[in-house]
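Asks: fold the following.
(one chain, ligands or ions: 2)
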Amino acid sequence: MANVPKVKLNNGLEMPGFGLGTYLSTSNEIAEAVKYAIDRGYRHFDTAYFYQNERDVGGAIKEKISEGIVKREDIFLTTKLWCIHHEPSRVEYACRKSLENLGLDYIDLYLMHFPVGFSYVDENTLVPFKEGTYNVITNDVDYLDTWKAMEALVKKGLVRSIGLSNFNAEQTERVLKNCEIKPVTNQVECNIELNQKKLIEFSKQRDVVITSFCPLARPNPKERKPSFLYENPTKAIAEKHNKTPAQVALRYVLQLGTVPIPKSITKSRIDENIEIFDFELSPEEMKVLDSLETGNRIAAFSKIVDNDHPYFPFKAEF
Ligand SMILES: NC(=O)C1=CN([C@@H]2O[C@H](COP(=O)(O)OP(=O)(O)OC[C@H]3O[C@@H](n4cnc5c(N)ncnc54)[C@H](OP(=O)(O)O)[C@@H]3O)[C@@H](O)[C@H]2O)C=CC1
Ligand SMILES: O=C1CO[C@H](CO)[C@@H](O)[C@@H]1O
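Replies: Numbers count the residues shown, from 1 in each chain. Ligands and ions are numbered 1, 2, ... in the order given. This next block holds a predicted model:
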């Protein structure tokens with residue numbers, strides 16, 4: 001079984017340096033995947049209110065706890081505050097709703113999913129579109145006010161750590177300069193094609209860990225994309241190490257100093273993805289992989305959220 005090192009967070013707690021993503025899978029398939037992953041040594045799981053699978057993920061964890069395979073304190077569970085709950089008065093409600101869905105007493109890490117708030121219509125309208133369009137109705141809640149309400153969750157013991165997701169450097173700095181409790185991580189898209197080197201360096205200097213989502217760039221096997229999973233130079237590097245291109249891609253973001261959270265519901269891939277702690281890419285190989293950066297971003301916010309919103313994060317260089 002892979003020996004996953006722990007990463008020290010700026011609040012003194014630890015987070016396993018590798019985890020399982022859960023986006024786009026619900027119900028039985030994700031519950032089975034989480035249970036299998038626990039059996040195979042995964043201890044860190046990433047979900048979100050937005051994914052509508054907190055019940056499945058939490059239920060699977062609880063099952064493994066009641067079987068005596070793990071204890072609650074062995075598991076590191078992340079979930080996220082969704083954009084319709086940015087109003088400070090909604091934050092505790094949203095967190096308690098996530099806890100209820102998960103069936104757990106506390107959340108290890110609670111992230112603000114995105115810096116822009118969306119208008120609240122009702123619980124089931126996760127993405128409120130302007131009629132007849134695919135443009136989201138945003139609001140102007142300041143993410144600093146949302147952050148203050150998240151700090152209160154730590155004080156109440158509902159969550160152990162809080163963090164950011166999809167924040168750019170300037171936004172991260174604004175939170176750091178105005179917070180009582182520092183964000184422990186910023187979870188951002190990071191893979192061979194969007195290697196986030198500048199944001200990683202910036203965050204490292206401020207003791208904020210970068211967690212890498214879409215570390216495999218959400219593969220599309222029919223179109224053989226991303227090319228780094230199917231072609232050289234990744235393929236040749238993988239062969240040299242007796243690994244797969246996916247393992248090289250995950251090892252790459254790990255060696256950049258980030259925490260990868262690849263998602264899979266496939267047993268063989270759950271096994272494959274965690275086996276990245278027994279080899280090392282050389283500085284030359286890292287350089288070759290650096291050169292595959294295209295800047296392509298997959299997580300779709302830029303298509304639905306007004307890019308001119310003052311808190312839209314992706315107009316900045318990093
Ligand atoms: N904070 C945020 O805004 C965001 C957070 N996330 C989080 O990050 C996680 C990971 O990102 P995600 O978008 O899922 O993208 P990933 O890059 O992790 O890709 C997931 C896809 O890759 C497939 N896959 C997994 N392992 C392999 C492998 N070894 N070889 C080939 N294909 C493989 C999976 O298929 P299968 O499951 O069928 O095996 C799935 O279709 C999410 O699940 C979510 O938890 C993601 C996006 C945004
Ligand atoms: O977490 C997420 C999963 O990816 C989606 C985009 O494809 C994002 O919208 C969302 O934040």
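Asks: return the lowest-mean-pLDDT helix or strand in the chain as CSV; C-alpha atoms alone will do.
Replies: Ranked by mean pLDDT, DSSP states H and E, the weakest helix or strand in the chain is helix 301-304, scoring a mean of 87. Taking Å, rounded to 0.1, in the frame of the first residue of the first chain, the C-alpha atoms of helix 301-304 are listed here in CSV:
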residue,chain,number,x,y,z
PHE,A,301,-16.6,29.3,-14.4
SER,A,302,-15.1,31.5,-17.1
LYS,A,303,-17.9,30.5,-19.5
ILE,A,304,-20.8,31.2,-17.2
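Asks: buried ones in it?
Replies: Counting neighbours by 16 or more other CB atoms under 10 Å, one finds that the buried residues in helix 301-304 are Phe301. For glycine as for every other residue, the C-beta is placed from the backbone atoms N, C-alpha and C.
Asks: same deal with stretch 73-82?
Replies: So stretch 73-82, judged by 16+ other CB under 10 Å, has buried residues 75-82.
Asks: for those, which one is nearest Leu13?
Replies: Phe76 (8.9 Å; CB to CB).
Asks: and the buried residues of stretch 73-82 as CSV, adding pLDDT, secondary structure and distance to Glu54?
Replies: Conversion of these to CSV gives the following (pLDDT from 0 to 100; DSSP: H, G, I helix; E, B strand; the rest coil; distance: CB to CB, whole Å):
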residue, pLDDT, secondary structure, distance to Glu54
Ile75, 98, coil, 14
Phe76, 99, strand, 15
Leu77, 99, strand, 9
Thr78, 99, strand, 11
Thr79, 99, strand, 6
Lys80, 98, strand, 10
Leu81, 98, strand, 12
Trp82, 98, coil, 11
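Asks: just curious, which of those residues is nearest to Ser212?
Replies: Thr78 (12.9 Å).
Asks: that closest one bridge partners, please.
Replies: Following DSSP bridges, Thr78 is listed with bridge partners Asp46, Leu109.
Asks: so it versus Tyr23, what's the distance?
Replies: Applying CB to CB, to the nearest Å, the value for Thr78 to Tyr23 is 12 Å.
Asks: go on, Leu289?
Replies: In terms of CB to CB, Leu289 sits 24 Å off from Tyr23.
Asks: looking at the two, which one has more neighbours?
Replies: Leu289 (23 against 18; other CB atoms under 10 Å).
Asks: residue contacts, the closest residue to that one other than its chain neighbours?
Replies: Of all residues not flanking Leu289 in the chain, Tyr252 sits nearest, at 5.0 Å (CB to CB, 6 or more residues apart in numbering). Residues in contact with Tyr252 (CB atoms under 8 Å, 6 or more residues apart in numbering) are 192, 195, 281, 286, 289.
Asks: doesn't the third one fall inside a strand?
Replies: It refers to Leu281. No. Using DSSP: H, G, I helix; E, B strand; the rest coil, the assignment for Leu281 is coil, not a strand.
Asks: what's the farthest-apart pair in the contacts of Tyr252?
Replies: Asn195 and Leu281 (12.9 Å).
Asks: need the phi and psi values for Lys6.
Replies: Dihedral angles of Lys6 (phi, psi; degrees, to the nearest 10) stand at phi -100, psi 150.
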